[in-house]
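1. How does the following fold in three dimensions:
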Amino acid sequence: MQEQKLNHACFTINSMSVNFVIVKVGLCSPLKQDLQKIFKCPYCIMDNFGNYTLLETHVNDVHLDNAAIKEKHTLEADESNVSGKKAVCGFKASDAENLEAHVEIHLSSSSPRPAVKPKSLKTLSNMSNEATCMSCLVCGIQFNDIKKLNIHINGHFSVPNTPLSPDTCAMNNLDLICPVCTMIFHDAEFLQAHVNGHFSVPQTPVEELKDRKIAEEIELKGKHVKKLAEQREFETLQSEYGGIDDKNNYKKQSDKNLQKAVCKGQLSITAYYNNLADELECSAEEVDSGRSCTIGVLEKIKSYYTSAAQNVRCVWLCSTSSHYAASYGDRGWGCGYRNFQMLLSALAKNTTYKDLLFNGKMQIPSIEKIQQLIECAWQKEFDVEGCKQLDGGVVKTAKWIGATEIVAVLSSLKVKCQLIDFHHPTGANGTHPALFSWVKEYFHKPLSFKPPLYLQHHGHSRTIVGIEELQDASLRLLIFDPSTTKKQMQQFHSDIDDNLMRTLRRPLSAMKAKQYQIVAVVGTLSEHDYNESKLIRSDRVP
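-> Numbering: from 1, shown residues only. Have a look, this model is predicted:
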C-alpha cells in the first residue's frame, strides 16, 4: 500500500480574504511518529519544541494578542484538487486545529477579531496551573514548573556553548546536571570539572579531583592524630618528670614550692624570704642570682684524674663549665634552661663568645631572660616550627624548652651550632654506641677551646662535660645533671673518690633512651650563614 502524506498547510485562494482551506489525508503510523517530534514556530527561529504544549505556550506568550479564531471551515480533499490555492508561509502542523489558528493570524490584518481569548491554544497562566511535564529543548531535562524551565533554557543561551550556571540552579532549587551527558552532581566544583572534561581531554578530571580531596582529608586527619599523640606524650612526661601546666607561671611555681619546703622543714623562714628576695632581684636585673650554681667542679676533677683515678686509660674534658641545679621555682620543668646556663657559663670565659653574647660582661641570664631571648629569636624568624609548637610564647610560663630552642637563640646571636640527631639505638639492648663514639671524637679534637655539649632526650636534658676511656676500651660519659642538687655538687670541693664520681659517670648501659639530640657550639656565623640558620637542620647519625 502506497504511503500517504499529511499536509496541514497554509493557503490563500486567489490572494483573497476568504475562509481558509485545510487539506487532510490519511497518515501512516511511522510517519506520524516522526512528525509529532517536529514543532516549528511560524514567527521566529525556534523549531525544536519538545511537544505541542510548549509550542502553544510559546505562541500565546510571545506572538499572539487576545484574539478569537474565526469559524472553522474545513474542506477534506487532496491538495492537488484545490484550485487557486497559494502557499503563504509553508508552516506545517501536526493537526488541523493548530493550523486553523495559524491561518487566522494571516487573515487578522484584513478581518476584524473579536476581543476574546483563543479557545484552541492554552495560555501561560493555565499552563503554570497544570501539572504538565515539560522538557528542555537543549538537554531534555524535564520540569513541572514553566518558570524554572524558562530560567534553565535562558541559561543555555546566555553565553554560547556555556552550560547553566550551578549558582542559578542552586538559587532556583534545581539539580546540578551536566548539559552534555545529564549526569547529576551535588557539588558545583565537581560539575564544572566534569563539563570541562568533555571539551578538553578524552576523560573527565572528576576522579582526579576526588582523589585530591580524599588526600587532603587524609592529611588533615593525620595532623589531628599527630597533635593528639603529642598531647598525650606531653601529659605522660608531666606525670613522669613532675611537669606542670604551662598556664602556671614561673613565679607561682616558685612560691608554691618554697611554701612546701617550709612545711616539710627543708627550708627555714629566713631562707624562705631570702629566696623570695632573690627572685625579685633576678626578675628586675634579668641576671641569674647564682644561688643554685656550683663553680670550680671541673678543675677539681682534673686533679682527680692526675692522682686518684683507677682503671681509666684516658679522659677528655671540656674547657670549663659551672653546674646549675634546679631551684624551687623551676624544679620539674626548668632543666632546659639550667643546661643552657651551663653552656653559657663556658662560653662566657672565651673572649670571642664573651664579646658576642655578653658585651664583654660575665653575666649569666636568668630563666625569664632566656625566655625573652627565645621569643626574640622567633621574632627574627628563627625556628618558626618550634614557635608554633609552643604557641608563640614562653615568657613567664613553665613551658619546657629543648635543643631546637637552644639552637634558635644562639643562632640569632650569631653563634654557629651543630645539631646532631641520634634517631635510633645503634647497639644491643637499645644502647647508643654511635653517640659515645661521636662524643669521643668531639672532645679528642685538638682545639684550644671546647665548650660542653647540650644533651637532650625524652623528658629531660643534661650537659656532657667529658668522656672517659677505660682499660678495656669501653667509654663512660661525664655528665652535669640539673637534678643533682647544689649540696651534692659541693662535695667535689673536698676529696674526690670513685664513689663520688658515680654522680657524674654514665656508662653505655645507662643511656637507653630511644632518641638523643646533641647541640655543639662550633664557631660564629657569617652574614650568609646567619640567614641560612633560620631554618633548623640536624645531622642524623647514623
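
2. rest of the way, CA atoms for contacts and neighbours
-> OK.

3. Tell me the buried residues in stretch 413-429?
-> 413-422, 424-425 (16 or more other C-alpha atoms under 10 Å).

4. Below-threshold pLDDT in the stretch 101-250 of the chain: ranges please.
-> 101-133, 137-138, 147, 154-175, 186, 198-210, 234-250 (pLDDT under 70).

5. Tell me the helices and strands packed up against the top strand by length along the chain.
-> The strand spanning the most residues in the chain, taking DSSP state E as the definition, is strand 460-470. Here strand 460-470 touches strand 312-317, helix 335-347, helix 433-444, strand 453-457, strand 475-480, going by 3 or more C-alpha pairs under 8 Å, 6 or more residues apart in numbering; DSSP states H and E.

6. re earlier: which of the buried residues of stretch 413-429 fall in strands?
-> Reading strands off those with DSSP E, I get 415-422.

7. Kindly present the residues you listed as CSV, with separate columns for pLDDT and distance to residue 436.
-> Formatted as CSV, those follow (pLDDT from 0 to 100; distance: C-alpha to C-alpha, whole Å):
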residue, pLDDT, distance to residue 436
415, 97, 25
416, 97, 23
417, 97, 19
418, 97, 17
419, 97, 16
420, 97, 13
421, 97, 13
422, 97, 11
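
8. for residue 396, helix, strand, or coil?
-> Assigned by DSSP: H, G, I helix; E, B strand; the rest coil, the conformation of residue 396 is coil.

9. Isn't it up against residue 368?
-> Yes: the pair residue 396 / residue 368 is scored as a contact, 6.4 Å apart, by C-alpha atoms under 8 Å.

10. and the ones in strands among the buried residues of stretch 413-429 as a markdown table, adding distance to residue 451?
-> A markdown table is the format used below for these (distance: C-alpha to C-alpha, whole Å):
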| residue | distance to residue 451 |
| --- | --- |
| 415 | 12 |
| 416 | 12 |
| 417 | 11 |
| 418 | 12 |
| 419 | 14 |
| 420 | 15 |
| 421 | 19 |
| 422 | 20 |
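
11. from these, which is closest to residue 251?
-> residue 415 (30.3 Å; C-alpha to C-alpha).

12. could you list every residue that touches the closest one?
-> 353, 521-525 (C-alpha atoms under 8 Å, 6 or more residues apart in numbering).

13. For it, give the beta-bridge partners.
-> Beta-bridge partners recorded for residue 415 (DSSP bridges): residue 524.

14. picking up where we left off before, more neighbours, residue 396 and residue 368?
-> Between residue 396 and residue 368, counting by other C-alpha atoms under 10 Å, residue 368 is the more crowded of the two (21 against 18).

15. What separation do you get for residue 323 and residue 480?
-> Distance, residue 323 to residue 480, by C-alpha to C-alpha, to the nearest Å: 7 Å.

16. On the C-terminal side of the worst-scoring helix or strand of the chain on mean pLDDT, identify the next helix or strand.
-> Ranking every helix and strand in the chain by mean pLDDT, DSSP states H and E puts helix 29-35 at the bottom, with a mean of 38. Following helix 29-35 in sequence order, the next helix or strand is helix 52-58 (DSSP states H and E).

17. Compute the mean per-residue pLDDT across that following helix, please.
-> The pLDDT scores in helix 52-58 average 72.

18. just the buried members of the contacts of residue 415?
-> Buried by 16+ other C-alpha under 10 Å: 353, 521, 524-525, out of those.

19. of all these, which comes closest to residue 282?
-> For these, the nearest to residue 282 is residue 353 (22.8 Å; C-alpha to C-alpha).

20. Surely the closest one is in contact with residue 347?
-> Yes: shown here, residue 353 and residue 347 form a contact pair, counting by C-alpha under 8 Å, at 5.6 Å.

21. ok, of the buried ones among the contacts of residue 415, which one's closest to residue 185?
-> Nearest to residue 185 among those, with distances taken as C-alpha to C-alpha, is residue 525, at 58.6 Å.

22. quick one, what contacts that closest one?
-> Per C-alpha under 8 Å, 6+ apart, neighbours of residue 525: 411, 414-416.

23. let's see it at 10 Å
-> Residue 525 makes contact with 410-417, 531-533, according to C-alpha atoms under 10 Å, 6 or more residues apart in numbering.

24. can you pull the buried residues of stretch 299-306?
-> Under 16+ other C-alpha under 10 Å, the buried positions of stretch 299-306 are 301, 304.

25. actually stretch 476-492, sorry about that
-> Neighbour-count burial for stretch 476-492 [16+ other C-alpha under 10 Å]: 476-483, 485-486, 489, 492.

26. and if you look at stretch 345-358?
-> Buried residues in stretch 345-358 (16+ other C-alpha under 10 Å): 345-350, 353-354, 357.

27. cool, stretch 251-266 as well?
-> In terms of neighbour count (16+ other C-alpha under 10 Å), stretch 251-266 has its buried residues at 251, 253-255, 257-259, 261.

28. Likewise for stretch 464-480?
-> By neighbour count on 16+ other C-alpha under 10 Å, the buried set for stretch 464-480 is 464-469, 475-480.

29. so the closest residue to residue 348 other than its chain neighbours is in which element?
-> Of all residues not flanking residue 348 in the chain, residue 354 sits nearest, at 4.6 Å (C-alpha to C-alpha, 6 or more residues apart in numbering). Here residue 354, judged by DSSP H and E, is contained in helix 351-358.

30. Would you mind getting the angle between the very next helix or strand once past that helix and helix 335-347?
-> Heading C-terminal from helix 351-358, the first helix or strand you meet, by DSSP H and E, is helix 367-379. Interaxial angle of helix 367-379 relative to helix 335-347 (axes from the mean of the first three to the mean of the last three C-alpha atoms, to 10 degrees): 90 degrees.

31. who does the next helix or strand after helix 367-379 touch, helix- and strand-wise?
-> Counting by DSSP H and E, the next helix or strand C-terminal to helix 367-379 is helix 384-389. If contacts are counted by 3 or more C-alpha pairs under 10 Å, 6 or more residues apart in numbering; DSSP states H and E, helix 384-389 sits against helix 367-379, helix 403-412.

32. Of these, which stretch is the most buried?
-> helix 403-412 (a mean of 23; mean count of other C-alpha atoms under 10 Å).

33. mean confidence for it?
-> Averaging pLDDT along helix 403-412 gives 97.

34. Who are the packing partners of that helix?
-> helix 335-347, helix 367-379, helix 384-389, strand 415-422, strand 453-457, strand 516-524, helix 527-532.

35. need the contact list for the nearest residue to residue 395 once chain neighbours are set aside.
-> Among residues not flanking residue 395 along the chain, residue 371 sits closest, at 5.0 Å (C-alpha to C-alpha, 6+ apart). Residue 371 makes contact with 337, 365, 393-399, 401, 405, 409, according to C-alpha under 10 Å, 6+ apart.

36. Tabulate those in CSV, adding columns for distance to residue 294.
-> Putting the contacts of residue 371 into CSV (distance: C-alpha to C-alpha, whole Å) gives the following:
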residue, distance to residue 294
337, 16
365, 16
393, 30
394, 27
395, 26
396, 25
397, 26
398, 24
399, 25
401, 23
405, 25
409, 24
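
37. Show me which of these are buried.
-> 337, 365, 393-399, 401, 405, 409.

38. Pull the residues that contact stretch 351-361.
-> Taking C-alpha under 10 Å, 6+ apart as the rule, stretch 351-361 contacts 344-350, 362-365, 410, 413-415, 523-524.
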